[in-house]
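Trainee: Below is the structure, and that's it, no one-letter string:
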């Protein structure tokens, strides 16, 4: 057998002796003597790694029509009731009628202000979701123009945050120098999201510790439920404000629904003795008290919900930075549970 390896050669692509081989053919076609064969590499691996496009969610038109009609009927009913009340007040005394009209006007102004604040909060959340979707598309397509527009919007989003001053300067400089769109998005994530992610992990860890402590010492189940519900809403709102969302009441419920959806998809609601044994160890879980185990379990669930809320409120996907896990935000719970179990064994 002869060694067919050859050294590097220089040639022009428009040379008639250059033949491009088809990688899909098993048997090579006859080629002229002295021809230079160029075999392109298959790009199946690149095509397989491309992320599938997100499936658009279908919304029911009949459902939207129903809620619009029901809301209109309720508004008409409330308006007629207020009108009749003011008419009755005028029938008793003029000053009562004017007082009722003034109170109704104040209520209308306050309702309008609340509605505008809720609309602004929903618009901010839609802006965050749009940035996330555009970042996923820019990374998948390696689109330079889309990445530059995305980084410009990110810099504008955090322009009022003094913690991101240096990071914004780095991102603006990178947008003029980096050519690849995916690399530009990753640079923006490392610079802008790193300090915010650290603060988000601290918030989730503090919430998990508070829930674990309160549920471990509280004597009533109702107290546990109310405290966990309030702490969950508080945590989701603080995470949204941290990442630039600042939601209202409706926006907070929407974020909570998204976080619970992410948690259900990742299997976060699977809780019980098996989850506690996985987190703390089979021997330790059997030795700690039931109340302490319940507190640690609630803390773990709040930590998982907080991680899902981070994914729902973060304007960029986790591409350059590692996604936090339960051990990153609830590691202190395991140590405290272990110390508590050892102390009980010594007693």
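Mentor: Right, received. Where do you want to start? Just so you know, these numbers come straight off a predicted model, no measurement behind them. Residues are numbered from 1 along each chain as shown.
Trainee: Would you check that residue 185 makes contact with residue 139?
Mentor: Yes. Judged on Cβ atoms under 8 Å, residue 185 makes contact with residue 139 at a distance of 5.4 Å. In short, each C-beta sits where N, CA and C put it, glycine included.
Trainee: So which elements touch the strand or helix carrying residue 148?
Mentor: Counting by DSSP states H and E, the element that carries residue 148 is helix 144-157. Packed against helix 144-157 by the contact rule (3 or more Cβ pairs under 8 Å, 6 or more residues apart in numbering; DSSP states H and E) you find helix 94-141, helix 165-177, helix 181-188.
Trainee: before we move on, back to that, tell me, what's touching residue 185 and residue 139 both at once?
Mentor: With contacts defined as Cβ atoms under 8 Å, 6 or more residues apart in numbering, the residues adjacent to both residue 185 and residue 139 are residue 319.
Trainee: So which of those two has more stuff around it?
Mentor: residue 185 (29 against 24; other Cβ atoms under 10 Å).
Trainee: Look up how far residue 102 lies from that one.
Mentor: 54 Å (Cβ to Cβ, to the nearest Å).
Trainee: now swap in residue 235 and tell me
Mentor: 40 Å.
Trainee: out of those two, which sits in the more crowded spot?
Mentor: Taking other Cβ under 10 Å, residue 235 and residue 102 do not tie; residue 235 has more neighbours (26 against 10).
Trainee: For the more buried one, which residues are in contact?
Mentor: Residues in contact with residue 235 (Cβ under 8 Å, 6+ apart) are 203-204, 207, 302, 305-306, 309.
Trainee: Nearest to residue 163 among those residues?
Mentor: residue 203 (14.3 Å; Cβ to Cβ).
Trainee: pretty sure the closest one is touching residue 239, no?
Mentor: Yes. Contact status for residue 203 versus residue 239: in contact at 6.3 Å, counting by Cβ under 8 Å.
Trainee: Now the common contact residues for these two.
Mentor: With Cβ under 8 Å, 6+ apart, residue 203 and residue 239 have common neighbours residue 306.
Trainee: the more surrounded of these two?
Mentor: Remark: of residue 203 and residue 239, residue 239 carries more neighbours, 24 against 18, as counted by other Cβ under 10 Å.
Trainee: give me the number of residues near residue 190?
Mentor: So residue 190, with other Cβ under 10 Å, has 17 neighbours.
Trainee: Identify the residue spatially nearest to it, adjacent ones excluded.
Mentor: Closest residue to residue 190 apart from its sequence neighbours, by Cβ to Cβ, 6 or more residues apart in numbering: residue 320 at 5.0 Å.
Trainee: What of residue 125?
Mentor: Once flanking residues are discounted, residue 125 sits nearest to residue 251: 5.0 Å by Cβ to Cβ, 6+ apart.
Trainee: got it, and residue 134?
Mentor: residue 150 (5.1 Å).
Trainee: what's near enough to touch the one you found?
Mentor: 131, 134-135, 138, 185, 188.
Trainee: what's near enough to touch the residue lying closest to residue 135 once chain neighbours are set aside?
Mentor: Spatial nearest neighbour of residue 135, chain neighbours left out: residue 316 (4.9 Å); criterion: Cβ to Cβ, 6+ apart. The neighbours of residue 316, taking Cβ under 8 Å, 6+ apart as the test, are 131-132, 135, 154, 185, 188-189, 192-193.
Trainee: Equivalent analysis for residue 151, please.
Mentor: 171-172, 174-175, 184-185, 188.
Trainee: low-confidence ranges in this structure?
Mentor: The chain contains residues with pLDDT under 70 at 1-60, 261-291, 293, 331-347.
Trainee: Walking through it, point out its strands one by one.
Mentor: 18-20, 36-38 (DSSP state E).
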